[in-house]
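Student: no sequence for this one, just the structure:
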């Protein structure tokens, strides 16, 4: 199967720093370079031939770094994170997802032994916000030590944050389906609010940062829904059948904002 390579004129222009190359062409070129060794070799040759000042600068920087690197203390071996998973997960997401699954299990056990409120099982109360914790960990500046490199890659931005959000949902939703089935809670009661709050987290996160948005929404949900229900056991209007149109509207608005502000996820501020 043949592999399509980058045309020579684009490589030469990129090597010279040509500002006339369209941004989408630059993005496609950089994404292609990640997996194509021959094109990287051609780019290296083009830089040497067409941009000698850049090549000289690289050689100067390397000559200053090489002695220090050779004398540095070897770093203890650590098991590498699989490269194929970096687009879907980060190492920091694993403990957060484990914590989310643990909270789901504890809520399920409390419901099964009859400790939770009768009108609204704990699984139902917690289901809409549990994925939000994983989403926050998937795009958090404080939890991802490689966030600067991640934000600078050509595949960063909305594409990457949606893939990581999807990975969180793929882990959390099956557990919630199982917990809902065990406690008699139908998916219609929590699935739409769950997706709506997830989209709202990403939408608000494009303005204030995904982590801050997640913390704010979880705190608001705990104060306005979970705490009053545990205190007085009222019927939860926010999760009743009549609230589904409202959650559908929130989901639609959140999705629209995410699409409209898709460029914000390539900025380091979105990692806050």
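Tutor: That came through fine. What you are looking at is a predicted structure, and each value in this text was computed from that prediction instead of being measured.

Student: what sits up against the helix or strand harbouring residue 58?
Tutor: Using DSSP states H and E, residue 58 sits within helix 52-71. Applying CB atoms under 8 Å, 6 or more residues apart in numbering, the contact partners of helix 52-71 are 15, 17, 47-48. No exception for glycine: its C-beta is placed from N, CA and C like everyone else's.

Student: filter those residues to the buried ones?
Tutor: By neighbour count, with 16 or more other CB atoms under 10 Å, those hold 15, 47 as buried.

Student: Taking the contacts of helix 52-71, tell me the two that lie furthest apart.
Tutor: Greatest spacing in the contacts of helix 52-71, by CB to CB: 17 and 48 (14.5 Å).

Student: pretty sure residue 32 is touching residue 40, no?
Tutor: No. Counting by CB atoms under 8 Å, residue 32 does not reach residue 40; the two are 9.4 Å apart.

Student: returning to what we had before: need the contacts of helix 52-71 in a markdown table (columns: secondary structure and distance to residue 64).
Tutor: Converted to a markdown table, those look like this (DSSP: H, G, I helix; E, B strand; the rest coil; distance: CB to CB, whole Å):
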| residue | secondary structure | distance to residue 64 |
| --- | --- | --- |
| 15 | helix | 23 |
| 17 | coil | 23 |
| 47 | helix | 19 |
| 48 | helix | 19 |
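
Student: which one of the contacts of helix 52-71 is nearest residue 135?
Tutor: residue 17 (37.2 Å).

Student: just to revisit the earlier point, what pLDDT, on average, does the helix holding residue 58 get?
Tutor: The average pLDDT for helix 52-71 rounds to 76.

Student: Packing partners of the helix or strand that comes right after that helix?
Tutor: Using DSSP H and E, the helix or strand that follows helix 52-71 in sequence is helix 93-112. Under the contact criterion of 3 or more CB pairs under 8 Å, 6 or more residues apart in numbering; DSSP states H and E, helix 93-112 touches helix 122-126, helix 130-138, helix 158-183.

Student: hmm, who's touching helix 93-112?
Tutor: Here helix 93-112 has contacts from 116, 121-123, 125-126, 130-131, 133-134, 136-138, 143, 164, 167-168, 171-172, 175-176, 179, 182-183, using CB under 8 Å, 6+ apart.

Student: Just the buried ones from those residues, in PyMOL syntax?
Tutor: Applying 16+ other CB under 10 Å to the contacts of helix 93-112, the buried members can be selected in PyMOL as follows:
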select buried, resi 116+121+122+123+125+126+130+131+133+134+136+137+138+143+164+167+168+171+172+175+176+179+183
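
Student: Please parse this structure into its domains.
Tutor: Domain ranges of the chain: 8-71, 83-271, per automatic domain parsing.

Student: And the longest one, how far out from the chain middle?
Tutor: When distances are taken as CA atoms, centre = their mean, to the nearest Å, domain 83-271 is centred 11 Å away from the chain's centroid.

Student: what is the mean pLDDT for that domain?
Tutor: Per-residue scores along domain 83-271 average to 75.

Student: Work out for me the element the residue located most distally from the centre of the chain sits within.
Tutor: The centre of the chain is farthest from one residue, residue 49, which by CA atoms, centre = their mean lies 39.7 Å away. Taking DSSP H and E as the criterion, residue 49 maps to helix 37-50.
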